[in-house]
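Following is a predicted model, sequence given first.
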Amino acid sequence: MKLDRLQQALGHRFRNVALLEQALTHRSFGQPNNERLEFLGDSILNCVTAIALYERFGQLREGELSRLRASLVCQDALHRVALQLDLGDILRLGEGELKSGGFRRPSILADALEAVFAAVFLDQDFAAAKAVIDRLYAPLLAEIDPKVATKDPKTALQEWLQGRKLPLPTYTTLGVHGEAHAQEFEVACEVHPLKLRTIGRGTSRRAAEQQSAELALAQLRK
């Protein structure tokens with residue numbers, strides 16, 4: 001039933017459901033798992049988002065389009081879409097990953113979603129995978145403001161503060177969680193004069209800093 005709901009949400013009915021099951025299988029569960037599918041899905045996602053941005057923003061230059069694409073294919077964006085699909089509820093994980101909350105881990109959910117895109121491609125063709133990605137990414141594309149999105153969150157936050165003659169934010173690493181192959185960094189961004197503090201998470205310190213800066217910007221722009 002859960003696979004049926006997922007296929008409905010994707011807008012794609014699998015001819016070979018085994019491909020979808022493999023896409024949802026983490027390496028901790030056993031073989032065959034989704035690692036190779038993730039590799040393929042990453043490339044498909046990059047291609048589809050590049051096409052979408054090229055068609056949507058005809059006035060933007062290559063560098064600006066590249067930055068926009070990076071914001072759409074990053075772990076945070078994939079994690080957001082995966083949560084909307086409730087992927088965590090149907091992932092196949094090993095006992096250790098289940099106990100450690102792997103079904104909630106952004107990196108595992110993001111990887112699984114990329115694997116699902118590859119599974120759609122292998123089940124049918126590129127057009128089918130593109131249709132699924134276009135469908136799922138439509139809300140994210142609609143939110144894009146090129147004037148803001150072409151700058152990474154840390155740069156945008158810095159410029160926002162400098163424009164108001166406020167000191168730059170400070171970033172503090174609060175912790176590193178998980179095993180070496182699947183670490184998650186936790187970083188706090190603080191703007192002391194405004195008594196603002198946000199916490200970001202990511203698979204690298206830089207990714208966590210970017211997320212914390214993005215959360216800070218969102219609060220400042222309310």
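Ah, there it is. Numbering: from 1, shown residues only.

Please identify the helix or strand for the spatially most distant residue from the centre of the chain.
Distance from the C-alpha centroid of the chain peaks at Lys165, with 32.8 Å (Cα atoms, centre = their mean). Assessed by DSSP states H and E, Lys165 sits outside every helix and strand.

so Ser175 sits in a helix?
Careful, residue 175 is Gly; it's not Ser. No. With DSSP: H, G, I helix; E, B strand; the rest coil as the criterion, Gly175 is strand rather than part of a helix.

what's around it, how many residues?
Gly175 is flanked by 10 other residues according to other Cβ atoms under 10 Å. Using the backbone N, CA and C atoms, a C-beta is placed for each residue, glycine as well.

What of Leu72?
Neighbours of Leu72 under the rule other Cβ under 10 Å: 23.

residues in contact with it?
Residues in contact with Leu72 (Cβ atoms under 8 Å, 6 or more residues apart in numbering) are 49, 53, 137, 140-141.

Low-confidence stretches in the protein?
147-150, 180-181 (pLDDT under 70).

so how far is Leu220 from Lys195?
12 Å (Cβ to Cβ, to the nearest Å).

of these two, who's got more company?
A count of neighbours by other Cβ under 10 Å puts Leu220 above the other of Lys195 and Leu220, at 16 against 7.

I figured that one was touching Trp160, is that so?
Yes. At 6.3 Å, Leu220 counts as touching Trp160 under the criterion of Cβ atoms under 8 Å.

Now the longest helix belonging to the chain: buried residues?
Longest helix in the chain, counting residues (DSSP state H): helix 35-56. Under the neighbour-count criterion of 16 or more other Cβ atoms under 10 Å, helix 35-56 has 37-38, 40-42, 44-45, 48-50, 52-53 buried.

Cool, thanks, talk later.
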